[in-house]
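>>> Show me the folded form of this:
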Amino acid sequence: MYLKYTSAGYLFISPEDDCETIVDAMLLTGYNEEFCLANNFEPEFVARLMEAGFLVMSMVIKNEDDEDEEPLYILLPKLHIERSALFFDNLHIKKSIRKFFNGRKNLYELRADAEFDRIADRCVEKHGADWLTPPLVDCIKKIRNSVSSSDSRAALLPALNAYPASFGLYRDGELVAGEFGVVCGSVYTSYSGYYDEENAGTVQIILTTNYLKEHGFSFFDLGMPLKYKTDLGAIDINPQEFVQLFRNGQVGGVRKVKPLVF
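This next block holds a predicted model:
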C-alpha cells in the first residue's frame, strides 16, 4: 500500500485504504502529526477509522472572502501524540465530590445509552461545531442507527464494531450532564461532553467509569490530556502504548485484529 501525503505533509486516508495498516505506518515511520486528512463521510469508512483507533474529528474549509461559497468539510482522523487513559483501579474521587456519593441516595442517576441524539446535539450547542461539524455528527448518528437496527441490547456492552453511545446524568428525572463517544471492542472513547450544573460533569464521568468497569470494558479512553482528567486518575500514554492497549481491548473483548508489529 502506498502512503499518500498532502503538499503540507499530512497523511491522506482514502476509503480503499486499510486503516489499521495506516496506523502501523504512522507509528513505524515516526509520523509527527496528530492529524491525518480524509474527505469521505461515508459511515462505513468513518467506522473503520474508529475501529483502527482514530478519534475522528472534522473541520470546515471556507473562503472568508466569498460569503456565498458553500462550505467544504474534511475529516481529521486523529491519533493523539499523548492520549489520556483512565484505568478503572486508578479512579480518584476528590473529597469535595465524595459527598455526592455518600448519604445522598438517588441524588443523581446515570443512564447508559439513552437519548443519544439529544446528548450529541447538546454537546454541539455547548461547544460549537468547530470540529463536531454537521456532516460528522450526521455520520456518527447514521453509524449508530445502522448498528442499533440490527442489534437489540439491554445494556451498553463491548461491541463487535464501532458503536456510538452516550451517557446521561439525571437529577429528579432531568438531564443535567451527558457525553457521547464510541465503543470499539472493549474500549470506550469519549468524544464530547457537557454539564448544566456545577459538579455534574465530574459526577457523570465517575459514574460512567464505574459503569464501564462493571460491564466488561478494559479502560476509559479520554482522548486529549487535560488537568481535570489527570485529577480523576487518568494517565498520559504515547501512541504506541495506546494502539497496543486498544488492540488488546479488541482481542480481549470481542473483535479480532492484528497485533502491533515493530
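
>>> wait, what's in contact with I97?
199, 202-203, 206 (C-beta atoms under 8 Å, 6 or more residues apart in numbering). Every residue, glycine included, has its C-beta placed from N, CA and C.

>>> Surely it is within a strand?
No. I97 sits outside any strand when classified using DSSP: H, G, I helix; E, B strand; the rest coil, being helix.

>>> Would you mind checking the average pLDDT for stretch 29-37?
What stretch 29-37 shows for mean pLDDT is 94.

>>> go on, stretch 236-255?
Averaging pLDDT along stretch 236-255 gives 82.

>>> ok, and for it, which residues are buried?
236-237, 239, 242-250, 253-255 (16 or more other C-beta atoms under 10 Å).

>>> what distance separates the start and the end of stretch 72-88?
End-to-end distance of stretch 72-88 (C-alpha to C-alpha, to the nearest Å): 40 Å.

>>> for stretch 101-112, same thing?
End-to-end span of stretch 101-112 (C-alpha to C-alpha): 18 Å.

>>> what's the closest of the contacts of I97 to A177?
Closest approach to A177 among the contacts of I97 (C-beta to C-beta): V203, at 7.2 Å.

>>> one step back: take the buried residues of stretch 236-255 and keep only those in helices.
Counting by DSSP state H, the buried residues of stretch 236-255 place 239, 242-250 in helices.

>>> okay if I get those as a markdown table plus distance to C19?
As requested, these are exported to a markdown table (distance: C-beta to C-beta, whole Å):
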| residue | distance to C19 |
| --- | --- |
| P239 | 15 |
| F242 | 15 |
| V243 | 12 |
| Q244 | 16 |
| L245 | 17 |
| F246 | 12 |
| R247 | 13 |
| N248 | 18 |
| G249 | 16 |
| Q250 | 13 |
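
>>> In terms of secondary structure, what does the strand or helix carrying L160 contact?
Per DSSP states H and E: L160 is located in strand 159-171. When contacts are defined as 3 or more C-beta pairs under 8 Å, 6 or more residues apart in numbering; DSSP states H and E, strand 159-171 sits against helix 43-51, strand 109-112, helix 116-127, helix 134-148, strand 174-185, helix 200-214.

>>> strands paired with it, and their directions?
Sheet pairing here is set by DSSP bridges, and for strand 159-171 it gives strand 109-112 (antiparallel), strand 174-185 (antiparallel).

>>> tilt between it and helix 239-252?
Per axes from the mean of the first three to the mean of the last three C-alpha atoms, to 10 degrees, the angle that strand 159-171 makes with helix 239-252 is 100 degrees.

>>> Output strand 159-171 in CSV, but only the C-alpha positions, please.
Below are the C-alpha coordinates for strand 159-171, written out as CSV (Å, rounded to 0.1, in the frame of the first residue of the first chain):
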residue,chain,number,x,y,z
ALA,A,159,-19.4,-4.3,20.8
LEU,A,160,-18.2,-6.1,17.7
ASN,A,161,-18.0,-3.0,15.5
ALA,A,162,-17.8,0.8,16.2
TYR,A,163,-20.9,1.8,18.1
PRO,A,164,-21.6,5.4,19.0
ALA,A,165,-23.0,5.5,22.6
SER,A,166,-23.9,8.1,25.2
PHE,A,167,-24.2,8.5,29.0
GLY,A,168,-26.6,10.9,30.6
LEU,A,169,-26.7,12.1,34.2
TYR,A,170,-30.2,12.9,35.6
ARG,A,171,-31.3,14.6,38.8
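
>>> re the thing from before, if we take the ones in helices among the buried residues of stretch 236-255, which one ends up nearest to D17?
Checking those one by one against D17 (C-beta to C-beta), the nearest turns out to be V243, at 16.5 Å.

>>> end-to-end on stretch 31-49?
Start-to-end, stretch 31-49 (C-alpha to C-alpha) is 17 Å.

>>> again, but for stretch 139-157
End-to-end distance of stretch 139-157: 22 Å, with C-alpha to C-alpha as the criterion.

>>> same check, this time on stretch 212-228
Span of stretch 212-228 from end to end, C-alpha to C-alpha: 19 Å.
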